[in-house]
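Colleague: make a model of this:
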Amino acid sequence: MSRPVVLGLTGSVGMGKSTVARMFEERGVPVFDADAVVHRLQGPGGALVEAIEAAFPGSTGPNGVDRGKLGAAVFADPAALARLEAIVHPAVRAARCAFLLEHAGARLVVFDIPLLFEKGGVEEVDAVLVVSAPAAVQRARVLARPGMTAERFAGILAKQLPDADKRARADHVIDTGRSLAETRAEVARLVEKLAP
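Modeller: Numbering: from 1, shown residues only. You can find the predicted model right below:
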């Protein structure tokens, strides 16, 4: 039985990954958005809220997981972060498997996974696409986000594999430092190549 080609989409913060994911969707390619799944699982009535509250008391409320409180509890503590990941990652993997079953008839699907290299999952994809942009463009995009500071940006980057390393490990790279039209054309060429 044939299955879709699975393209792993990743890239460092501010590189345009969400924009590129939307461009794949515009071309009819099903996209699994790992971040959106985590938000749903941790949102109001989410399947992981109870387990997260049990592991990190006081980190949830009527709106699900309080990301600020949970973040404060785990991000400076590698053991706590590992406990959280042990709760979240199996649920995300199960959702990814269900997504693949649901789209078994597609020729190409995209797994949008921000930390594909850092947290694993490369073995579950057929090819990896890294979105990249010049460092100055990345910095400007990220610092324009509400509530972002240079210190927070530096902290996020410290947890991510450097962009040059991601590009070196990629099967395909799309430079999002150019116009949206050029990026869209690159996405179209890649779809044509992977799912002719």
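Colleague: at which residues are the helices of the protein located?
Modeller: Ranges of helices in the chain, per DSSP state H, are 17-26, 34-42, 49-55, 67-74, 78-102, 116-119, 135-143, 150-158, 163-169, 180-194.
Colleague: which of the ones you listed sits closest to residue 10?
Modeller: Comparing the helices of the chain against residue 10 with CB to CB, the closest turns out to be helix 116-119 (3.9 Å). Just so you know, the C-beta spots here come from the backbone N, C-alpha and C atoms, and that holds for glycine as well.
Colleague: list the buried ones in that closest one?
Modeller: 116, 117 (16 or more other CB atoms under 10 Å).
Colleague: likewise stretch 74-81?
Modeller: By 16+ other CB under 10 Å, the buried positions in stretch 74-81 come out as residue 74.
Colleague: please parse the protein into its domains.
Modeller: 1-30+107-196, 36-102 (automatic domain parsing).
Colleague: mind giving me CSV with the helices of the chain and columns for mean pLDDT and distance to residue 61?
Modeller: Putting those into CSV (pLDDT from 0 to 100; distance: least, CB to CB, whole Å) gives the following:
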stretch, mean pLDDT, distance to residue 61
helix 17-26, 94, 27
helix 34-42, 90, 11
helix 49-55, 91, 9
helix 67-74, 84, 9
helix 78-102, 90, 17
helix 116-119, 83, 27
helix 135-143, 87, 28
helix 150-158, 84, 23
helix 163-169, 92, 36
helix 180-194, 94, 38
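Colleague: turn those into CSV, columns for distance to residue 127.
Modeller: Listed next are these as CSV, based on distance: least, CB to CB, whole Å:
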stretch, distance to residue 127
helix 17-26, 13
helix 34-42, 17
helix 49-55, 33
helix 67-74, 32
helix 78-102, 15
helix 116-119, 11
helix 135-143, 23
helix 150-158, 25
helix 163-169, 11
helix 180-194, 7
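Colleague: residue 2 is nearest to which of these?
Modeller: Of all the helices of the chain, helix 78-102 comes closest under CB to CB, at 12.6 Å.
Colleague: cheers, nothing more for now.
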